[in-house]
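Trainee: give me a 3D structure for the following:
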Amino acid sequence: MSNTYEYIKNRRSAKRYQTDFELSEKQIEEILEGIRYSPSSFGMEPYRVYFIQNHEIREELWPEWWNQPAVKECSGLIIWTTFKEKYMKSTVIDKQITNITDPQSDKAEAYIKNGIESFLKSQNTDFDNWTARQVYISMGVTLIMAKEMGLDCCPAEGFKRKETDDILAKHGIINPEEEHTTLGMFIGKIDTTKQNHYSYTRYKRPKEEVYKIIK
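Mentor: Numbers count the residues shown, from 1 in each chain. Here you go, the predicted structure:
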């Protein structure tokens, strides 16, 4: 049995954290590098990532994140922002194409640009939804990395986007013309002495209900 399978099988989302636990600089860098090396559609990496340790900023964010204790308790609040469509099309796509393709190949540039547009149409989705999907890919990588490193974490979707953007922009963390908040994650060490350190009983549907092998 692979180690990765065991990490996935045994991990749980922690809701309460030890307030005196701190990640080392090496751990933080490893987590962020794992995100950076995560796969993304067409290699576009349409997001930025912020690891927020600053307690004053997290205190400001707390009421806009549904008063979740983990906002203030965790060792670090990871926030993913995704690029807005205008900025993505005017800046990011061309830059990424230059980095990942032969600069002499006009066909590669056209293939990627047309591919993105065709994908959005075929999936009946919009640009914001597509960029968010890329964030969730990297989030999945982060969940497994954290477990392997002996850390606890929990993805966080419960926040007010505009208010979060406003706070981050006020502190000069994000550029609201280019990006907006898409996903968060609490990371640190679980505090099992606190009530509701896990929200629910862990249950997974029987495999017969989840997947089929088609031969």
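Trainee: in which helix or strand does R48 reside?
Mentor: R48 belongs to strand 47-52 when elements are defined using DSSP states H and E.
Trainee: average pLDDT for that strand, rounded please.
Mentor: Here the mean pLDDT over strand 47-52 is 99, rounded to a whole number.
Trainee: next secondary structure after it?
Mentor: Using DSSP H and E, the next helix or strand after strand 47-52 towards the C-terminus is helix 55-61.
Trainee: now R161: closest residue in space that isn't a chain neighbour?
Mentor: Nearest non-adjacent residue to R161, counting by Cβ to Cβ, 6 or more residues apart in numbering: T181, 5.3 Å away. C-betas here are computed from N, CA, C, even on glycine.
Trainee: isn't that neighbour right next to F159, touching?
Mentor: Yes - T181 is within contact range of F159, at 7.0 Å (criterion: Cβ atoms under 8 Å).
Trainee: the more surrounded of these two?
Mentor: Neighbours were tallied for T181 and for F159 using other Cβ atoms under 10 Å; the higher tally belongs to T181 (24 against 18).
Trainee: which residues does that one form beta bridges with?
Mentor: T81 (DSSP bridges).
Trainee: contacts for the longest helix seen in the chain?
Mentor: Taking DSSP state H as the assignment, the helix of the chain that covers the most residues is helix 127-148. When contacts are taken as Cβ atoms under 8 Å, 6 or more residues apart in numbering, the neighbours of helix 127-148 outside the stretch itself are 3-4, 7-8, 10-11, 30-31, 34-35, 38-41, 44-47, 49, 78, 80, 82-85, 88, 116, 119-120, 123, 152-153, 155, 182-183, 185, 187.
Trainee: any buried residues in stretch 146-165, and which?
Mentor: Neighbour counts using 16 or more other Cβ atoms under 10 Å place 146-147, 149, 151-156, 159, 164-165 of stretch 146-165 among the buried residues.
Trainee: quick check: the residue nearest the centre of the chain vs K86, distance?
Mentor: Among the residues of the chain, the one closest to the centroid is M139, at 4.1 Å (Cα atoms, centre = their mean). According to Cβ to Cβ, to the nearest Å, M139 and K86 sit 25 Å apart.
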